[in-house]
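>>> Fold the stuff below for me.
(chains A, B, C and D)
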4 protein chains.
Amino acid sequence: MDAMMMNAMSEDMMSMEGMPAMDMAIMQACMDACAACEQACTVCSAQMMDCAPACMNCADMCNTMMRSMMRMQGMTPASMMAMLDACIAMCQTCMDMCMMHADDSVVCKMCADSCQACMDACMAMKDAMSMA
Amino acid sequence: MDAMMMNAMSEDMMSMEGMPAMDMAIMQACMDACAACEQACTVCSAQMMDCAPACMNCADMCNTMMRSMMRMQGMTPASMMAMLDACIAMCQTCMDMCMMHADDSVVCKMCADSCQACMDACMAMKDAMSMA
Amino acid sequence: MDAMMMNAMSEDMMSMEGMPAMDMAIMQACMDACAACEQACTVCSAQMMDCAPACMNCADMCNTMMRSMMRMQGMTPASMMAMLDACIAMCQTCMDMCMMHADDSVVCKMCADSCQACMDACMAMKDAMSMA
Amino acid sequence: MDAMMMNAMSEDMMSMEGMPAMDMAIMQACMDACAACEQACTVCSAQMMDCAPACMNCADMCNTMMRSMMRMQGMTPASMMAMLDACIAMCQTCMDMCMMHADDSVVCKMCADSCQACMDACMAMKDAMSMA
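Residues are numbered from 1 along each chain as shown, chains lettered A, B, ... in the order given. Next up is the predicted model:
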């Protein structure tokens, strides 16, 4: 996420009523982790190993999660929490399937690592929202 | 969802271990409701009323939900449940925002109705999975 | 595409300057063919046969094409023509790859048929725009 | 695009018959420009200015373009060329609409700049494919 765009976005968010005043650096890290995870999953899905359907599902969920954070005007704290939980669950499923052949494929290993990073970033986002 | 394609899909699903043996008609109805909701939200988002960002988020979530049901090889019961909860929460948020001007815009009214139908179908899917 | 939603959409389109006054039935058929092709390609991609990467690319292109027709406020005749050409080219690539094993997989055969139907609908849309 | 993932991807591509042996740095730059443009368009679309429908269409096309480059196993030179032309046309339409109020909105100005950068990267990709 471009820093100038992030600034413009965060100004819009500040003015939304009912939205917790979060640490925007945590949100930026979460968007970046979702984007990286979508990319890793997309490349991994094209390898046509057993993990491919999970990778496709995870790529779509990560893209949807990233876009939702870029359009917070259309979110509520409740829908954000449910989406973050879904993203975490989908990354877990994808990571589990990729780890089964991480020794045979460096792409699967990288995809699993991206899923772990995305899960961590989504959990940090949940914590930031709960504390706000 | 085309009936012949549904039959081919359900044969694949039957052979997945750990996946509850659901009533496939409920799953088909859920995929159709997600597709209809994505379309209604997409049209509604182009009206540029207050609900637009919620409609865009909901369109993306419904598409991701539909595709995940078409690629059940990459899902677990846990990730399905979390995704269904996220889709229900996102439809609720979108419906609430569209209902604020449903009297002024027939498109918003139709979008809200599609969200309600999608929520109902996702809840029926959760029930079917829990009972299986 | 729901008929009531289609009516609401076409009223919006009529008022766009520079947009050719097309036969809306042809546009509705094209959106429906794109939606059906996205679904067939998504199911086919989860089979993890050789065609899977082409099917994923085609599913994404068909979804983008469908959504663009639902948001004609953001299109010009030139961008519509280029998108339709891309959708036709992507469907051709996917169909060619699926036809290589259409005898072995009924899903690939159905996917190839959906690609052909989508190509035909996009070509009809191009003709309708050229004549308008 | 992560450098390690790019290396893994390019090894897969080298082995595809009929695919021109391109400069992979140009392809990496094109994927990055598509990803940046999808993000800028997504943020811009949430502002609900006149450009919003074009921004949504452009975000979807850029995402489809990026993913297709990550799944080159499912592309042919012909479908790549048509997709690149569509991405260029969609970025042009979005840029034109955003430039109409670039003085009023810094987000629209950033979105237009991202569209220009994406068009340039897609044109460089077309040149690289033609020369290969």
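>>> Do a quick rundown of the helices in chain A.
Under the criterion DSSP state H, helices of chain A are mapped to A:3-14, A:24-45, A:52-70, A:77-99, A:106-131.
>>> same for the last one, what does it pack against?
Put plainly, it is helix A:106-131. Applying 3 or more C-beta pairs under 8 Å, 6 or more residues apart in numbering or on different chains; DSSP states H and E, one finds that helix A:106-131 contacts helix A:24-45, helix A:52-70, helix A:77-99, helix D:3-14. Glycine gets a C-beta too; all of them are placed from N, C-alpha and C.
>>> re earlier: could I get the helices of chain A as CSV with mean pLDDT and mean neighbour count?
Shown next, in CSV, are those (pLDDT from 0 to 100; neighbours: other C-beta atoms under 10 Å in any protein chain shown):
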stretch, mean pLDDT, mean neighbour count
helix A:3-14, 80, 15
helix A:24-45, 96, 24
helix A:52-70, 98, 28
helix A:77-99, 98, 24
helix A:106-131, 96, 20
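>>> Could you provide the ones you listed in CSV, with additional columns for distance to C:Met119?
Output for those, formatted as CSV (distance: least, C-beta to C-beta, whole Å):
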stretch, distance to C:Met119
helix A:3-14, 37
helix A:24-45, 24
helix A:52-70, 23
helix A:77-99, 33
helix A:106-131, 32
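>>> how about those, which one is nearest C:Ser10?
helix A:52-70 (27.7 Å; C-beta to C-beta).
>>> now the angle between helix D:52-70 and the closest one, please.
Helix A:52-70 runs at 150 degrees relative to helix D:52-70, counting by axes from the mean of the first three to the mean of the last three C-alpha atoms, to 10 degrees.
>>> by contact count, what packs against helix A:52-70?
Counting contacts by 3+ C-beta pairs under 8 Å, 6+ apart, helix A:52-70 is packed against helix A:24-45, helix A:77-99, helix A:106-131, helix B:52-70, helix B:77-99, helix C:24-45, helix D:24-45, helix D:52-70.
>>> which stretch among those comes nearest C:Asp127?
helix C:24-45 (8.2 Å).
>>> Is any residue of that closest one near chain B?
Yes - using C-beta under 8 Å from any C-beta of the partner chain, helix C:24-45 reaches chain B at C:Met31, C:Ala35, C:Ala36, C:Gln39, C:Ala40, C:Thr42, C:Val43, C:Ser45.
>>> Report whether that helix contacts chain A.
Yes - judged by C-beta under 8 Å from any C-beta, helix C:24-45 comes into contact with chain A at C:Ser45.
>>> Establish whether that helix and chain D are in contact.
No - using C-beta under 8 Å from any C-beta, helix C:24-45 stays clear of chain D, coming no nearer than 9.0 Å.
>>> And the most centrally placed residue in chain A, how far from D:Ala35?
Of all residues in chain A, the one closest to the mean position by C-alpha atoms, centre = their mean is A:Cys34, 3.1 Å from it. The span separating A:Cys34 from D:Ala35 equals 11 Å under the rule C-beta to C-beta, to the nearest Å.
>>> do A:Met131 as well
Applying C-beta to C-beta, the value for A:Met131 to D:Ala35 is 30 Å.
>>> go on, A:Thr76?
Going from A:Thr76 to D:Ala35 by C-beta to C-beta gives 27 Å.
>>> what do you get for A:Asn63?
10 Å.
>>> circling back to that earlier point, not counting sequence-adjacent ones, nearest residue to the residue nearest to the centre of chain A?
Spatial nearest neighbour of A:Cys34, excluding adjacent residues (C-beta to C-beta, 6 or more residues apart in numbering or on different chains): A:Met66 at 3.8 Å.
>>> Could you name the residue of chain A that is farthest from its center?
A:Asp104 (25.7 Å).
>>> Model confidence for it, exactly?
If you check A:Asp104, the pLDDT there is 91.
>>> I'd say A:Met69 and A:Ala33 touch.
No - counting by C-beta atoms under 8 Å, A:Met69 does not reach A:Ala33; the two are 10.7 Å apart.
>>> just checking, A:Gln116 touches A:Met95?
Yes - using C-beta under 8 Å, A:Gln116 is in contact with A:Met95, at 6.0 Å.
>>> Now for the residue lying closest to A:Asp113 once chain neighbours are set aside: which residues touch it?
Using C-beta to C-beta, 6+ apart and skipping residues adjacent in sequence, the residue nearest A:Asp113 is A:Ala40, 7.8 Å away. The neighbours of A:Ala40, taking C-beta atoms under 8 Å, 6 or more residues apart in numbering or on different chains as the test, are A:Val107, A:Met110, A:Cys111, A:Asp113, A:Ser114, A:Cys115, D:Asp2, D:Met5.
>>> if I look at A:Met13, how far off is A:Ala132?
A:Met13 is 11 Å from A:Ala132, by C-beta to C-beta.
>>> swap in A:Met125?
Separation of A:Met125 from A:Ala132 (C-beta to C-beta): 11 Å.
>>> Quick check: the gap between the residue nearest to A:Asp120 when sequence neighbours are not counted and D:Met22.
Excluding its sequence neighbours, the residue lying closest to A:Asp120 (C-beta to C-beta, 6+ apart) is A:Ala33, at 7.5 Å. Distance, A:Ala33 to D:Met22, by C-beta to C-beta: 29 Å.
>>> and what of A:Cys94?
29 Å.
>>> cool, A:Met69 as well?
Applying C-beta to C-beta, the value for A:Met69 to D:Met22 is 33 Å.
>>> cool, and A:Ala29?
Distance from A:Ala29 to D:Met22, by C-beta to C-beta: 33 Å.
>>> returning to what we had before: kindly reformat the helices and strands packed on helix A:106-131 as CSV and extend each row with distance to D:Ala59.
Shown next, in CSV, are the helices and strands packed on helix A:106-131 (distance: least, C-beta to C-beta, whole Å):
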stretch, distance to D:Ala59
helix A:24-45, 13
helix A:52-70, 8
helix A:77-99, 18
helix D:3-14, 22
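>>> mind checking which of these is nearest C:Met49?
Closest among those, using C-beta to C-beta: helix A:52-70, at 10.7 Å.
>>> Off-centre distance for the closest one?
Centroid separation between helix A:52-70 and its chain, computed with C-alpha atoms, centre = their mean, to the nearest Å, is 7 Å.
>>> Keeping just the C-alphas, turn it into PDB.
Extracted in PDB, the C-alpha atoms of helix A:52-70 (Å, rounded to 0.1, in the frame of the first residue of the first chain):
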ATOM      1  CA  ALA A  52      -4.500 -25.800  -5.500                       C
ATOM      2  CA  PRO A  53      -8.200 -25.500  -4.600                       C
ATOM      3  CA  ALA A  54      -7.400 -24.300  -1.100                       C
ATOM      4  CA  CYS A  55      -4.900 -21.800  -2.600                       C
ATOM      5  CA  MET A  56      -7.600 -20.400  -5.000                       C
ATOM      6  CA  ASN A  57     -10.000 -20.000  -2.100                       C
ATOM      7  CA  CYS A  58      -7.400 -18.300   0.000                       C
ATOM      8  CA  ALA A  59      -6.400 -16.000  -2.800                       C
ATOM      9  CA  ASP A  60     -10.000 -14.800  -3.200                       C
ATOM     10  CA  MET A  61     -10.500 -14.400   0.500                       C
ATOM     11  CA  CYS A  62      -7.300 -12.400   0.900                       C
ATOM     12  CA  ASN A  63      -8.200 -10.100  -2.000                       C
ATOM     13  CA  THR A  64     -11.700  -9.600  -0.500                       C
ATOM     14  CA  MET A  65     -10.200  -8.800   2.900                       C
ATOM     15  CA  MET A  66      -7.700  -6.300   1.500                       C
ATOM     16  CA  ARG A  67     -10.300  -4.500  -0.600                       C
ATOM     17  CA  SER A  68     -12.700  -4.300   2.400                       C
ATOM     18  CA  MET A  69     -10.000  -2.500   4.400                       C
ATOM     19  CA  MET A  70      -9.600  -0.100   1.500                       C
END
